[in-house]
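Q: quick check, what structure comes out for this input:
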Amino acid sequence: MMKYITMLTIALALSITACGGGGGSDDAVVRVCASNTIIGTYNTNGVAQDISVDGNLAVVAEGNIGVAVFDVTNRNSPILLADVDANGEVLSARLHNNNIYAYVLNNLDSKTYLVIVDISNILSPIIKASIPLSIQIESVNTIKTQWIEFDNNYIHVLTYEPANVVKYNIYDITDTSNPISTGSLTVNGLCGGVAKLYSVKVKNDVAYIGSYKGLHMVNVSDRSNPVLISEVLFAGCYENNIDISGDILYAAGGSYLKSYNIADPNSVYSLDDLSESNKFRVVSEIKGTAYGLGDNGEISIIDVSNPSAIRDTNDDIFVYESKMIIDDEIYLYVADSAGLKIVDTCK
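A: A predicted model of the protein is given here:
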């Protein structure tokens, strides 16, 4: 035992990890990590609704409190930098290039807005724009979904209008103080008498949209004229939150996790389907492992190293009631009812 402890001490001193890691300029300082273990937590002032990360900053939507901004340079010890007021109840927040993109319910006029907040100076955040939405993303209960995607000087936004009309919208944000609507497309997300959109990802000038009805592939090479090029429609009504890795798309539909080949977006086809009750509300894939967010505070760890034979490892990470998971290709960030949690996946 003493020999083991001595060897472990030497290994730690040399910054050696059994998980591997490093690469490029980071080879001199290799992380020591515990795979799929919660390593950092922060109990937020409000109930966490959503989580986003960009580099060493993370933001958590906390309803009427606003948006909590964290320095996560040290993932073991996230530091709260500020609670940012976004002029209403923040139901979802995304972070991109030192700007927060928040979906906000204004309690004064009961209308919803896409609010852009510049936090390049965290001590003096500036609201750059507030886009009125007579539309909703879907409903308060599903704001955990991936309703916005960033694409150079564009944002791609999913919205819901009266009379069950759901739309995919593109805005030019070259000037964040003056976002310009460039194009939109009504999407066939109607199922069971209700229309819903859940998530959007953009890859190689194609937008992949997950709806209540299925998957929709949209050519956006001309940002002013998005064109539907193919669909995968289901027989039932499912949530379809998506993530993309290379030529593979993963769709979480509540009680299933599906994998698709999207090498040709004009002809998307199914690879495999893993069905388990209420385990897949959101999916986040990191280098051959998918994390499925379930209803009961569990994050399931799924082996997707072979997308044609996806497999539940039967290992779970247990958190409180969770709203959202998102990753940065190494760490998994969780927004649950207690606040922020960071999982080291050691990939």
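Q: the chain: helices as residue ranges?
A: 2-13 (DSSP state H).
Q: any idea what the spatially most central residue of it is bridged to?
A: Note on the chain: the residue nearest the mean C-alpha position is residue 326, at 4.4 Å, using CA atoms, centre = their mean. For residue 326, the beta-bridge partners under DSSP bridges are residue 333.
Q: show the contacting residues for it.
A: By CB atoms under 8 Å, 6 or more residues apart in numbering, the residues touching residue 326 are 51-53, 284, 332-333. All C-beta spots, glycine's among them, are computed from the backbone N, C-alpha and C.
Q: if we go to 7 Å?
A: Shown in contact with residue 326 (CB atoms under 7 Å, 6 or more residues apart in numbering): 51-53, 284, 333.
Q: most surrounded residue in these?
A: Compared across these, residue 51 has the highest neighbour count, 30 neighbours, by other CB atoms under 10 Å.
Q: isn't that residue right next to residue 67, touching?
A: No - counting by CB atoms under 7 Å, residue 67 is not a contact partner of residue 51; they are 10.7 Å apart.
Q: what is in contact with the two at once?
A: Counting by CB under 7 Å, 6+ apart, the residues touching both residue 51 and residue 67 are residue 60.
Q: what's the farthest-apart pair in the contacts of residue 326?
A: 52 and 284 (12.1 Å; CB to CB).
Q: how close does the residue nearest to the centre of the chain sit to residue 196?
A: 20 Å (CB to CB, to the nearest Å).
Q: what do you get for residue 218?
A: Taking CB to CB, one finds residue 218 at 17 Å from residue 196.
Q: just residue 168 next, same as before
A: Residue 168 is 13 Å from residue 196, by CB to CB.
Q: can you tell me the closest non-neighbouring residue to residue 298?
A: residue 316 (4.3 Å; CB to CB, 6 or more residues apart in numbering).
Q: before we move on, what about residue 117?
A: residue 100 (4.3 Å).
Q: with residue 240 instead?
A: residue 210 (3.3 Å).
Q: for the one you found, give the beta-bridge partners.
A: residue 199, residue 215.
Q: low pLDDT regions in the stretch 151-300 of the chain?
A: Along the stretch 151-300 of the chain, the model assigns pLDDT under 70 to no residue.
Q: kindly report the same for the stretch 1-150 of the chain.
A: In the stretch 1-150 of the chain (pLDDT under 70), the answer is 1-33, 134-144.
Q: could you redo the last one with a cut-off of 90?
A: 1-35, 46-47, 49, 91, 105-112, 131-146 (pLDDT under 90).
Q: could you report the pLDDT at residue 301?
A: For residue 301, the model assigns a pLDDT of 96.
Q: contacts only, for it.
A: Shown here is residue 301, whose contacts under the criterion CB under 7 Å, 6+ apart are 36, 289, 291, 313, 315-316.
Q: tell me how far the ends of stretch 110-123 are from each other?
A: Stretch 110-123 has its terminal residues 29 Å apart, counting by CA to CA, to the nearest Å.
Q: contacts for that stretch?
A: 69, 81-82, 84, 86-88, 98-106, 125-133, 136, 157, 176.
Q: and the gap between residue 235 and residue 54?
A: For residue 235, the distance to residue 54 - CB to CB - is 38 Å.
Q: okay, those two: which has more neighbours?
A: The neighbour count for residue 235 versus residue 54, taken as other CB under 10 Å, is higher for residue 54 (16 against 8).
Q: quick check: bridge partners of the residue nearest to the more buried one when sequence neighbours are not counted?
A: Sequence neighbours aside, residue 95 is the residue nearest to residue 54 in space, at 4.4 Å (criterion: CB to CB, 6+ apart). In this structure, residue 95 bridges to residue 100 when assessed by DSSP bridges.
Q: next one: residue 298
A: Residue 298 forms beta bridges with residue 318, as assigned by DSSP bridges.
Q: so it sits against residue 315, correct?
A: No - using CB under 7 Å, residue 298 is not in contact with residue 315; the gap is 9.9 Å.
Q: between the two, who's got more neighbours?
A: Just comparing residue 298 and residue 315: by other CB under 10 Å the higher neighbour count belongs to residue 298, 17 against 13.
Q: distance of the more buried one from residue 319?
A: For residue 298, the distance to residue 319 (CB to CB) stands at 8 Å.
Q: now do residue 34
A: From residue 34 across to residue 319, the span is 16 Å (CB to CB).
Q: do residue 269 as well
A: The gap separating residue 269 from residue 319 is 34 Å, by CB to CB.
Q: who's more crowded, these two?
A: Neighbours of residue 269 and residue 319, each counted by other CB under 10 Å, are more numerous for residue 319; the result is 20 against 10.
Q: please name the nearest non-neighbouring residue to the more buried one.
A: residue 336 (4.6 Å).
Q: is residue 272 in a bridge, and if so with what?
A: With DSSP bridges as the rule, residue 272 is bridged to residue 259.
Q: that one: what's it in contact with?
A: 259, 307-310 are the contacts of residue 272 under CB under 7 Å, 6+ apart.
Q: do residue 128 as well
A: By CB under 7 Å, 6+ apart, residue 128 lies in contact with 116-118, 176-177.
Q: one step back: the residue nearest to residue 240 contacts residue 201, correct?
A: No - if you go by CB under 7 Å, residue 210 and residue 201 don't touch, sitting 8.5 Å apart.
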